[in-house]
Structures are given as C-alpha cells and as structure tokens.
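Q: Take a look and give me a structure for this.
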Amino acid sequence: MSRGKSLMSFAINDCEAIVSVEHVDRGAACGCFCPACGEAVVAKQGDRRMWHFAHMSGADCATGVETALHKAAKQILLERRELMVPAMSVSASAVGPHSGRTYYAEARRPEAHQLFELVKLEQPTATIIPDAIGVNGDEKWIVEIAVTHSVNDEKKIMVEQLNFPAIEIALNLDRPAQW
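A: Numbering: from 1, shown residues only. Okay, here's the model as predicted:
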C-alpha cells in the first residue's frame, strides 16, 4: 500500500528537543531544524494539507522524515520509560530419537506493560549500540526502533548473544517488525 510522499511531522527546536508540528508556532516562527540535515524548517499549518515541516530552502531531505520519527520515538521512550510488550506465543515439535514419538510444546507470554527505572539512548554494549536500553535493577532490555528497515540478521545475532530481552518497535506500517 503506497502512501505517497511522507511529510515530516517532527523537527528539532532550539532546545534540541524533538517537537511535533502541532506544538509550535506557524511558519519560520517555529524556530525549528531538520533532525537529519540540520537545515532550518518552517511549520506548514494550513487548511488544505496535513500539517508538516518543510525545509526553508524548499529542498527535499532524503532522510528527514525517517530521522524525525526515529528520534521522536526514542525521546518518548526516554521520557515515559515504559513499553507495551505484545503477547507472544512460541511452539515447537520434536521427534524422539528412540521412540519415534512426536512431542509438542508451547510457551505463551501475555501482553505486558514494561516499566523501566532508567532508559539510556545509544549506549554502547559489548558488541552493538542499540537505539535504547531499558534498565530495571540488573535486568536490561534492548529496544530497537524500525522506521524504514528492521534489524539485520548480523545485529540480531549479536543482540541474542547478549542474552537480554529485546524488542523492535515498527513505526512504518508498510514494513512491520521482523523480530
């Protein structure tokens, strides 16, 4: 399903915080910048199109929308320190080597509201730099934000080797999380 050109709903204000186009002054008075290229943007808040930010020069930044959405999601996680983790179900079967009998097992985890005492952004670990790490005492969660691409197989293996719970949040409905 194609949605046409994406519009940038978030930008960086003069305090270096991600802000929504709904919470700033109209036009250049917003005092905002593109989170990807740093160019000044204007808040387009008219009656005909969906409100959005546009580069003041009229340029079309290739990664502005993705970067803005990615940074906004990390800022929300940092401020709220919580996630809703969807229900999960895993099943497996195996054939007994001696009996030839097939055994089945299933594990289920209900939907859960995960609270964190602390969230660290872009904190290096032994092998990777995840988008975020949620901390509860000794427990650490790896959180990845997927806008245009999911975690690749190489990074997925490195995350699994850390043996921390991990979740990928898919923000692009055309490309759901693969992990």
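Q: Ramachandran coordinates for Glu82?
A: Glu82 adopts backbone torsions of phi -160, psi 160, taken as degrees, to the nearest 10.
Q: Which residue comes closest to it once chain neighbours are left out?
A: Leu115 (5.1 Å; Cβ to Cβ, 6 or more residues apart in numbering). Using the backbone N, CA and C atoms, a C-beta is placed for each residue, glycine as well.
Q: Would you agree that neighbour is in contact with Gly137?
A: No: here Leu115 does not reach Gly137: they are 11.6 Å apart, not a contact under Cβ atoms under 8 Å.
Q: higher neighbour count, those two?
A: Neighbours were counted for Leu115 and for Gly137 using other Cβ atoms under 10 Å; Leu115 has more, 11 against 7.
Q: Just list the residues touching that one, thanks.
A: By Cβ atoms under 8 Å, 6 or more residues apart in numbering, the residues touching Leu115 are Arg81, Glu82, Asn136.
Q: neighbours of the last one, just the number please.
A: The tally of other residues near Asn136 (other Cβ under 10 Å) stands at 13.
Q: Sort out which residues of stretch 105-118 are buried, please.
A: Gln114, Phe116 (16 or more other Cβ atoms under 10 Å).
Q: Quote the end-to-end distance of that stretch.
A: Stretch 105-118 has an end-to-end distance of 35 Å (Cα to Cα, to the nearest Å).
Q: hang on, Ala68 in a helix?
A: Yes: assessed with DSSP: H, G, I helix; E, B strand; the rest coil, Ala68 lies in a helix.
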